[in-house]
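**Q** got a sequence here, can you build the structure:
(one chain, ligands or ions: 1)
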Amino acid sequence: LDLCLACVGVYLLKQVFNKKNPPYPPGPPGRPIIGNVLDVPYIRPWLTFTDWGNKYGDISHINVLGRHIVVVNSVKTAMDMLDNKSTIYSDRPTLPVGGELIGWKNVMVLLPYGDQLRRHCKNFHGVIGTRAAVAIYNQVVEVETHRFLMRLFAKPDQLQVHVRHTAGAVILRISHGYEVKENDDPFVDLADRVMAQWSHVTAPGAFLADVVPFLIKVPEWFPGADFKRLAREWHDDLEELVCAPHKFVVDQMAAGIAPESFTSNLLRSGSLAAEDEHIVKWSAAALYAGASDTVGPSLYISNNHLLRAAHFSQTVSTINAFFLAMTLFPDVQKKAQAEIDAVIGPDRLPSFADQDYLPYIGALVKETLRWHSVIPTGFAHCVSQDDIHDGYYIPKGSLIMTNIWFMMNDPKRYANPSQFNPERFLGKEPETDPRTICFGFGRRICPGIHLAEASVWLSAVMSLAVFDISKVVENGIEITPEVDPLSGTISHLKPFKCSIEPRSSRAVALIEQDVDY
Ligand code: HEM
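**A** Residues are numbered from 1 along each chain as shown. The predicted structure is shown next:
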């Protein structure tokens with residue numbers, strides 16, 4: 001009770017003090033004492049944020065127990081804040097139990113803005129930061145995507161499982177040069193276990209210490225401090241997740257058999273000090289740590305929603321969206337296949353070398369990224385010092401949420417935004433390239449852009465070359481799947497059924513040919 005009264009006292013004092021500053025951005029009025037606690041949207045928050053945008057303008061604001069949350073609904077404001085003022089808008093919030101005690105604070109997405117982050121960015125940039133750098137892994141992506149076609153041909157009703165397995169296989173080949181086993185892979189199992197723990201850590205209300213951070217300092221024997229024992233055990237699992245695949249690479253290098261990978265490239269660049277090696281390990285973990293993509297309702301108060309971001313699950317979600325779009329929009333599919341047939345013909349599978357000659361497929365991939373917003377409200381940026389923006393007071397520590405969903409469905413930017421129409425990106429006056437929005441803004445912009453694009457492009461073009469994707473027919477009735485994006489930092493589509501059949505006997509021969517590149 002004392003603690004609550006003290007918090008309320010501090011909160012009220014802050015309110016009085018803040019009267020001297022310019023106003024906060026407008027937003028839902030909130031209630032006495034509890035402020036906007038009840039206004040936090042958990043179900044499809046991007047729709048509530050869009051309503052706030054319509055009502056209050058490009059910047060809106062709520063106060064949740066002293067945590068200021070600023071919602072940005074326009075690309076221009078996002079760029080003005082996160083790009084132009086990136087030195088103060090690039091921090092991330094801290095996470096007492098998951099970040100500090102368990103150790104997730106070392107993973108790139110949670111790093112504070114500073115020297116460590118810059119070194120992670122440098123690693124990412126050198127290895128997958130440009131189209132040319134990613135091209136080194138083209139063959140890996142081609143081989144794994146061909147295997148995806150084989151799995152899909154064998155078990156077409158397991159689409160979602162194959163998409164996820166393939167994305168994981170691609171990432172582990174790139175991060176550590178490791179080939180994932182078809183079943184019961186030790187690294188994937190370990191990652192599944194750690195991400196399940198993570199899911200527990202991030203469940204709303206899991207630990208009081210996230211809301212009252214000084215509790216992480218109490219000793220383990222203290223009544224109610226059981227979470228510290230759990231955190232210690234989970235810390236060890238996380239360490240193993242980071243160290244075991246790293247050791248695999250080190251051993252392979254010592255034996256002279258390590259293939260090209262993110263880790264081996266960085267280790268080869270010279271003898272590394274312990275601190276550098278720590279950064280290499282954690283950069284690589286940032287690539288693959290999301291072997292199990294657990295998503296759920298966001299928890300704004302303790303910021304836990306941030307790390308519900310299993311990185312390759314963004315790619316998984318986009319590829320699933322591609323299959324849904326092809327099921328729902330057969331005319332688009334036919335045009336895409338006509339382009340592939342004209343440029344490539346029936347005698348070989350498409351490859352990255354064809355990319356520049358397939359403009360419609362390029363537009364289709366852009367439209368997929370726009371149509372299904374994978375990270376609809378962005379990852380929160382944290383403001384590292386007080387700012388006044390457009391006449392509004394943005395206090396230090398505010399979380400900035402970008403309503404990427406609305407930005408990609410803004411009718412002023414995209415004509416008939418709910419329509420799936422790749423042609424909007426072709427012709428003399430193409431609409432805004434969604435890649436300038438969907439990968440975020442400023443210095444925390446997604447470092448996996450080129451890899452994500454390459455993976456989605458190849459999955460789309462190879463699948464369309466050999467398969468017809470359509471609605472399933474059950475008991476003589478055609479089933480139209482729903483477009484139902486689920487809530488979560490990474491928004492997956494509700495599982496759907498579709499029919500996937502080879503286009504011809506020639507297509508079957510292409511699928512079954514040896515994976516020999
Ligand atoms: C379609 C696929 C993807 C989309 C739409 C996407 C989008 C995003 C977005 C919106 C952010 C937050 C940017 C911000 O804070 O402003 C982000 C961050 C990040 N992404 Fe991606 N991403 C995708 C795939 C990937 C892949 C494949 C990787 C890894 C290879 C990756 C690695 C990361 C990392 C490490 C961050 C954190 C960066 C930081 O905090 O500085 N992403 N991504």
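**Q** and for the closest residue to Arg151 other than its chain neighbours, the neighbour number?
**A** In space, and not counting its chain neighbours, Arg151 is closest to His162: 4.5 Å by C-beta to C-beta, 6 or more residues apart in numbering. Where you see a C-beta, it was placed from the backbone N, CA and C, and this is true even at glycine. Counted with other C-beta atoms under 10 Å, residues neighbouring His162 total 21.
**Q** measure stretch 436-451 end to end?
**A** Stretch 436-451 has its terminal residues 15 Å apart, counting by C-alpha to C-alpha, to the nearest Å.
**Q** buried set for that stretch?
**A** 437-444, 446-451 (16 or more other C-beta atoms under 10 Å).
**Q** from the residues you listed, which are also near the ligand?
**A** 438-441, 444, 446-448, 451 (C-beta under 6 Å from any ligand atom).
**Q** mind checking how far Val343 is from the ligand?
**A** Distance from Val343 to the ligand, counting by C-beta to the nearest ligand atom, to the nearest Å: 25 Å.
**Q** that residue: neighbouring residues, count only.
**A** Neighbourhood size, Val343 [other C-beta under 10 Å]: 14.
**Q** okay, and it sits in which element?
**A** helix 330-344 (DSSP states H and E).
**Q** now find how far off-centre that helix is within its chain.
**A** Here helix 330-344 is found 29 Å from its chain centre; the criterion is C-alpha atoms, centre = their mean, to the nearest Å.
**Q** which helices and strands sit right next to that helix?
**A** helix 311-328, helix 359-371, helix 449-466, strand 467-470 (3 or more C-beta pairs under 8 Å, 6 or more residues apart in numbering; DSSP states H and E).
**Q** now do 6 Å
**A** When contacts are defined as 3 or more C-beta pairs under 6 Å, 6 or more residues apart in numbering; DSSP states H and E, helix 330-344 sits against helix 359-371, helix 449-466.
**Q** what's the closest of those helices to Ala154?
**A** Nearest of the helices and strands packed on helix 330-344 to Ala154, taken as C-beta to C-beta: helix 449-466 at 13.2 Å.
**Q** centre-most residue in this protein?
**A** By C-alpha atoms, centre = their mean, the chain has its centre lying nearest to Gln314, at 4.2 Å.
**Q** ranges for the helices of the stretch 351-500 of the chain?
**A** With DSSP state H, counting those that start in this stretch as the criterion, the stretch 351-500 of the chain has helices at 359-371, 404-407, 435-438, 449-466.
**Q** circling back: out of the buried residues of stretch 436-451, who's nearest Val194?
**A** Among these, and counting by C-beta to C-beta, the member closest to Val194 is Gly448, at 19.7 Å.
**Q** for the closest one, report the pLDDT, please.
**A** On pLDDT, Gly448 comes in at 90.
**Q** got the contact list for it?
**A** Taking C-beta atoms under 6 Å, 6 or more residues apart in numbering, we find Gly448 in contact with no residue.
**Q** what number of residues lie near Gly391?
**A** Neighbours of Gly391 (other C-beta under 10 Å): 9.
**Q** if we can go back for a sec, where's the residue nearest to Arg151, which helix or strand?
**A** Using DSSP H and E, His162 falls in helix 159-176.
**Q** can you tell if that helix touches the ligand?
**A** No: counting by C-beta under 6 Å from any ligand atom, the ligand is not contacted by helix 159-176; separation bottoms out at 6.6 Å.
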